[in-house]
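Q: Sequence plus the predicted model coming up.
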Amino acid sequence: MTSITIRLDGPLEKMLEQELRSGEKSRSDLVRDALQEYLKRHKRERFIQTMVEEMKSLSPEARQEGLDIAEEALPLDNEALELSEGRPPAEERWWK
């Protein structure tokens with residue numbers, strides 16, 4: 001495993017120390033997890049930006065076809081999301 005040294009400004013160091021007081025993670029574990037989360041998020045943002053650029057290069061017809069497909073799939077996507085979150089499907093809700 002590689003080791004690195006970083007310099008923290010006062011407020012950031014204070015925040016880190018406060019988090020470490022919970023005792024759940026070591027300094028190395030906490031910084032490693034934060035770095036990993038940052039790198040994952042950054043990679044996802046680059047991927048999304050690439051997708052946006054690709055969408056911009058499509059013809060208007062191809063864009064419309066993509067929007068039509070997405071609109072057609074939306075009800076099923078919403079139902080899957082509700083089920084994954086443990087909510088009853090819309091037709092089973094008492095308030096509808």
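A: Here it is on my side, so go on.
Q: what's the single longest helix in the protein?
A: Longest helix of the chain, by residue count under DSSP state H: helix 27-56.
Q: now for that helix, which elements pack on it?
A: Applying 3 or more CB pairs under 8 Å, 6 or more residues apart in numbering; DSSP states H and E, one finds that helix 27-56 makes contact with helix 10-20. To be clear about C-beta, it is placed using only N, CA and C from the backbone, and glycine gets the same treatment.
Q: Next, the angle from the helix it packs on to helix 27-56.
A: Using axes from the mean of the first three to the mean of the last three CA atoms, to 10 degrees, the direction of helix 10-20 lies 110 degrees away from that of helix 27-56.
Q: distance of the residue positioned nearest the centre of the chain from residue 10?
A: When CA atoms, centre = their mean is applied to the chain, the residue found nearest the centroid is residue 41 (6.4 Å). Separation of residue 41 from residue 10 (CB to CB, to the nearest Å) stands at 25 Å.
Q: cool, residue 72 as well?
A: Taking CB to CB as the criterion, residue 72 is separated from residue 10 by 54 Å.
Q: Also residue 24?
A: Taking CB to CB, one finds residue 24 at 23 Å from residue 10.
Q: before we move on, what about residue 77?
A: Applying CB to CB, the value for residue 77 to residue 10 is 46 Å.
Q: These two - which one has more neighbours?
A: The neighbour count for residue 77 versus residue 10, taken as other CB atoms under 10 Å, is higher for residue 77 (10 against 7).
Q: Now name the helix or strand holding that one.
A: Secondary structure from DSSP states H and E places residue 77 in helix 60-84.
Q: any idea of the mean pLDDT in that helix?
A: Mean per-residue pLDDT for helix 60-84: 90.
Q: counting contacts, what elements does it pack onto?
A: Here helix 60-84 touches no other helix or strand, going by 3+ CB pairs under 8 Å, 6+ apart.
Q: so how far is it from its chain's centroid?
A: 19 Å (CA atoms, centre = their mean, to the nearest Å).
Q: between it and helix 27-56, how big is the angle?
A: On the basis of the same axes, to 10 degrees, helix 60-84 is oriented at 140 degrees to helix 27-56.
Q: Using the record's assignment, carve this protein into domains.
A: Following automatic domain parsing, the chain resolves into domains at 9-57, 58-90.
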